[in-house]
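**Q** need coordinates for the below:
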Amino acid sequence: MVEEFDVASSKGPLLFMASAGGQEASSSTSQCTNTSAYDVFLSFRGEDIRKTFLDHLYTALFGAGFHTFRDDDEIERAENVEAELEKAIQQSRSSIVVFSENYASSRWCLDELVMIVDRRRRTSEFVLLPVFYHVDPSHVRNQTGSLAAAFAGHEDRFKKERIRGWREALREVADLAGMVLQNQADGHEAKFIQEIVKVIENRVNHRVLDLPSNLVGMDSQVKDINSWLQDGSSDAEIMVLCGMGGIGKTTIARYVFNLHHSKFDSSSFLTDIRETFEKSDGPNNLQRQLLADISKRKETETFGVNDGINKIKHAMSHKKVLLVFDDVDQEEQLEAILGMQDWFYPHSKVIITTRHARLLTARASKLKIHNVDKLDNNESLRLFSRYAFRQDHPNEFLVLLSEEVVGQCEGLPLALKVLGSSFYERSIDAWQSLLAQLQAIPKNRILRKLEISYDSLEDDHDRNLFLEVACFFVGEDKDHMVTILDECEVHTIIGVQNLMDRCLLRVDEYNRVMMHQMLRDMGREIIRRESPKDPGNRSRLWHHKESFSVLKDNSGTGNIEGLALDMRMLKEDKTVSCMNSARPGRFSFFSWPVVNHTSNNSDEMDLKADAFSRMCRLRLLHINYLHLTGGFKGFPKKIKWLRWHGCPLKSIPSDFPLESMVAIDMSYSKLGPGWCGDKLLGCLKILDLSHCHGLTRTPDFSRFPILERLILKGCESLIEVHESIGNLENSLVYFNLEDCTSLRKLPRNTAMLKVLKALIISGCLNLDEFPRGMEKLEALRVFHADSIVMGPVVCEACGLMSIFYPGSQVPAWFSTRIKGSSLSFSVPSGPHTSIGGLKMCIVCFVYSMKEQDHEQFYAIVSNKTKDLKLIYGPTCYGCPKPNEDMRWVSYWMLGNDKLEAGDELTISLLSTKAVEAREIGFHLVNPRLEEEADGVEVNQPGYPSWDPYPEQFVGHSGSTRLFGQGTLRKALKDLLKDIGVTWDPCGAAEFEFYSFPASHAHWRSAGDQNLELAHKS
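**A** All right, here's what the predicted structure looks like:
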C-alpha cells in the first residue's frame, strides 16, 4: 500500500514514503484565487537543465525581485503533492515553460503543462511564456523529433484521452509567442536569460502593495501617469493626483507604484498622511519610514529631528527615488515636499494624492496635476455588479434597478463597492426600498449615501461594532479588538466578517483592522449627530479637543461609552500654531516637535478625576499623558480597555477600579514594582507595560489568573519576572520581553506555559540563563531571539535534530555544497562503509513569516535505490525577519536499512510561499564499526570520515564528527560544536536549554495506522 502525502495537512514531521511509480495520479481542480503567492511558476525537465540553464534563470528571476516557484521534479511525487503543484500554479501570476530535449518524456511535466494551459484559458491576466532550449518549436507543435519518441513510450502506458490532452497543450503553447535560444541573443545563454527576465518584467505586474481584487477602468486612469514616469526627463518632478474622497486616488497610486518601483534605486509609499498626522507621534514615524525605505534598512537610528532630516537629504541626493505621499491635506505638508525637490537626484519622481484642489492653486507651475476621473456608466455598472452579483453584469431581472443605483453613486468607486455589497443577495422588495432611500438624498451628499450601507446592517451588534472601529480601533490588532469588545457584549468575530462582506472594513496583512477614511468619517458623523452642539451627550468622544473640553467643563454624561484623549496632541497643536505663525513651515513635515514620552504635564493640563464620575457607562478609555488629581472613588467601574500612556503615577491608587478591565496599556509610564497593589484583576487578558523604565520586577501573576498577552517590551530596568508566571499555564499565549536589557534569566516556570504560542526575547543582551524543560512548550510557534548569543533554536524529534540560526552560506565543513533547492549524489563505497546518518544544511531565504501563521516546510531525503522517502517538517523553527536568510542544520540518525553505500540520494526542500532554498550542503556520518558502550562519542583526532566527492577517505584535524549509535544528546553536542556554539560539559541542563522538540514528532514505521513504510512490490 502506498500512502498519500499531503503537505498542507501533515501532522507528523517525519514520514516514510514509497514513490508512486508509473501509476496515474488523479488531477483535482483548484479554484483560482484572487491573491498570488508566486510571480513566476517554472516548468522544466530537471535532468536536462536543473543544474545549468534553469539554475541561472532562477537566480536571474530572483535577483530581479520575482518570487519564483521551482519544483523539484527529480523527486517522484505522490498524488496530493501533485495537487500542491496545481495549487502553486493557480496561485502564480505567470509561468515560464522551458522545453528541453526530454521535457515530453516526463508525464509529470506534461500533466503540469496541462494545468498551466488550463490556468491560462480561465484567467486572462495569467502570463504564459514558452522558452525553447535547444528544441525546435515545430517539434513541440507537431510532437516530432525527440517528442515523437517520448510519445511512443507513453502510448503503451497511459489512456488515449490523457495523451490527447498532452498533445493539445503542447500545440497551444507552441503557437504562443515564445523565446527560442537558437534565434535570440546569438545563442548566448546569459544574454538569453536576461531577455527572458525583461519579458517577464514587462508582462507581469510585480506587486509589492496590496490592491483590491476587482479593479475596473484602471488602464485609462494610469495611462498618462505611466507615460510621465517613463518620460526620461532628467529633472526631479512632482505629480499630484487630485480628486474627491473615494474616487480611487490611493488605489491608482498603489497601482503605478507596483508597476514602476523596481525601476528606481529606492522607493517609498507613505500612506494615510492625513490620518497619521492626527497621532501625536505620526510625523516622527513618517520620517523614520521614509529614511528606512530610502536607505533600505529595516531599522534606522536618528539622534533628533535634524539628524533625521540630514540623513534623508543625504540618502536622496545620490539615488533615483520614487516617492508617494498619500492623502496630503495641509498646506505646510505640501510646502515641505516642494522644499525637498532640491534634494532629489536626477530622474526622481514624486507622486502626491490629495482631495484639496485649493492647495494647488498657487503652486501649479511647480507641479504636474492629474485630475482623477470618475468611472463612466459602463465601468460603474461592471464594478457595482462585481459586488452586488459577484459577476461582471447584473442579474437579468435587476438590470434597470442596478442602473438606477449606479446612477446614484455618481461614478465613485467606493460608493459602488460599498453599496453593491449592501445589495448582494437582497430581494427585489429590498432593492426597491434601498433605492428609494438613495433617491431621497440630494446629490453630492456622498457620505449620507454611504450611510445607507450602515443602516442596512441587520442588527445593532454590527452597527455598534462599525462605530467602535470608526472611533477607536482603526489600525489596532484584530485579535486585540475581539478580546476587548467580546467583553462589551459585541458579537465581534461574526460582526467583523459581516462588515468585511459589506466592504465596510478590512483586515490587512499585519492583522490590523483598517477602514477607508470616508467610511471612518461617516461613522464619526453618525456619532456627532447624536448631539451636535453638546459633545458630552454623545456615546463616543474621539477628538482630543472635544474630550478635553468635556472633562475640563465636567460636562460628561451617562451616554458616554468611549473617550479618547492624548494630551500631547493639545500641546503640539499649540506648538505648531506658534511655529506657523512665526514663519511658513518649509520643513515642518519633517521637523514636527519631538515626542517626549516622559515629559511632565503642566498644571494647566491637569484634570480632576471626578470629571468622569457621571460616565457610568464608560467602557473604553484612552487618557494618554493625562495627570489626574483627586480621588477615584466615583470613577467609572465598567471600563474594559484602559490606555494610559505616560501615566505619571508610580502605582495605581487603591480606589482606582481595575477589577473589570480586560485590557490595560500603560506604556511609557512611571510605574514601579507593586504598581497594582494587592488587587485581583480577574478579568484581565491583555497587559502592556512597554517602556516602563521604573519597573524592576513584575507583579505576582496569581493576581491575573486569565492573562493571555503580556507585553514588557523595552522595560530596560526589569531584572526579575515573577515565578508565578507558571500559574498562567492555561492562558498565556503571547509573552514579549524584547529589549529588557537588564534581565539575566527567565523564571523556571516559563516551561509550564503549555499554550504559549509566541515568546520574544530579542535584544535581552544580558540574558544568560534559560530555564529547563522548554520542550514542554508544545504550542510554541514564534520564538524571536535577535541579538541573543545564547545559542540557536534546536528541535529534537525521533532520531534527528534541527538547528536554526542566522547565516547565508552553508558552513565550510560540509563536504558537499551546491546552490539551489536540491542536491543529488551516490553514497560512496569503500572500507568502513557503515553509515550512521547524514548531516545537512539548507540555507533558506525567508520572504515573510507572520506571527499568526504557521508556515510549514519540509526537508526531503529521497533514496531512489531503496525506493524510500524520508520527509521531515519541524513544528518549531527559527524565524528571521522578512527578506533575510537562515540556516537549517539537521542531523538524521539512520541505520543501514535506510542508508548504505551505493544508494542514490536526492536532498531537497519543499516549502510554502514564505521560504525558499538557496543552497544545500551535506556530510555523511560514519560511526566506528564496533558497538559503543553507553553511546560514548568517538572523539578521535584524525579519524577518517566520509567525503563522497571524491570517493575516498579524508581526515580532519582535531575532533572528528563521528558518532556511535547511542544518544541524541551526544549528537546534539557534536552538532552544536560544528556551528561554533560552546558546550558546557559539566551538566545535563545545557541540553534542556537547547531542546525544543516537535509536539507530534515520531518515527513512522510499517504497521503505523496513519502511514505505512511501503516498498514497490
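**Q** confidence-wise, which helix or strand of this structure is lowest on average?
**A** Between all helices and strands in the chain, the lowest mean by mean pLDDT, DSSP states H and E belongs to strand 952-954, at a mean of 24.
**Q** per-residue pLDDT, Phe701?
**A** If you check Phe701, the pLDDT there is 93.
**Q** again, but for Ile639
**A** For Ile639, the model assigns a pLDDT of 96.
**Q** okay, now the unreliable bits of the stretch 301-450 of the chain?
**A** 301-308, 361-365, 444 (pLDDT under 70).
**Q** from Glu195, how far off is Ile202?
**A** Check again: residue 202 is Asn, not Ile. Separation of Asn202 from Glu195 (CB to CB, to the nearest Å): 11 Å. Backbone N, C-alpha and C define where each C-beta goes, glycine included.
**Q** make that Trp892, sorry
**A** Trp892 is 42 Å from Glu195, by CB to CB.
**Q** between the two, tell me which one has more neighbours.
**A** In this view Trp892 and Glu195 are compared by other CB atoms under 10 Å, and Trp892 has more residues nearby, 24 against 12.
**Q** wait, is the more buried one part of a strand?
**A** Yes: the assignment for Trp892 by DSSP: H, G, I helix; E, B strand; the rest coil puts it in a strand.
**Q** can you pull up the bridge partners for it?
**A** Partner residues in beta bridges with Trp892, using DSSP bridges, are Leu800, Leu838.
**Q** and the pLDDT at it?
**A** Per the predicted model, pLDDT is 78 at Trp892.
**Q** hmm, it is touching Gly837, no?
**A** Yes: contact criterion CB atoms under 8 Å: Trp892 and Gly837 qualify, at 4.9 Å.
**Q** what residues are shared contacts of these two?
**A** In terms of CB atoms under 8 Å, 6 or more residues apart in numbering, Trp892 and Gly837 are not both contacted by any residue.
**Q** distance between whatever helix or strand Phe257 lives in and the chain's centre?
**A** Under the criterion DSSP states H and E, the helix or strand holding Phe257 is helix 249-260. Distance, stretch centre to chain centre, for helix 249-260: 20 Å (CA atoms, centre = their mean, to the nearest Å).
**Q** so where do the strands sit in the stretch 401-550 of the chain?
**A** Counting by DSSP state E, counting those that start in this stretch, the stretch 401-550 of the chain has these strands, from start to end: 506-507, 513-514, 540-541.
**Q** include mean pLDDT when you put those into a markdown table, please.
**A** Putting the strands of the stretch 401-550 of the chain into a markdown table (pLDDT from 0 to 100) gives the following:
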| stretch | mean pLDDT |
| --- | --- |
| strand 506-507 | 88 |
| strand 513-514 | 92 |
| strand 540-541 | 96 |
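**Q** out of those strands, which one sits most buried?
**A** Comparing the strands of the stretch 401-550 of the chain by mean neighbour count (mean count of other CB atoms under 10 Å), strand 540-541 comes out on top with a mean of 24.
**Q** tell me which residues are up against that strand.
**A** Strand 540-541 is touched from outside by 467-468, 471-472, 527, 535, 547, 550, 560-565, with contacts defined as CB under 8 Å, 6+ apart.
**Q** quick one, which of these are buried?
**A** Buried residues within the contacts of strand 540-541, defined by neighbour count using 16 or more other CB atoms under 10 Å: 467-468, 471-472, 527, 535, 547, 550, 560-565.
**Q** list the contacts of the closest residue to Gln391 other than its chain neighbours.
**A** Counting by CB to CB, 6 or more residues apart in numbering, the nearest residue to Gln391 once its immediate chain neighbours are dropped is Ser385, at 6.0 Å. By CB under 8 Å, 6+ apart, the residues touching Ser385 are Gln391, Asp392, His393, Pro394, Ser402, Gly420.
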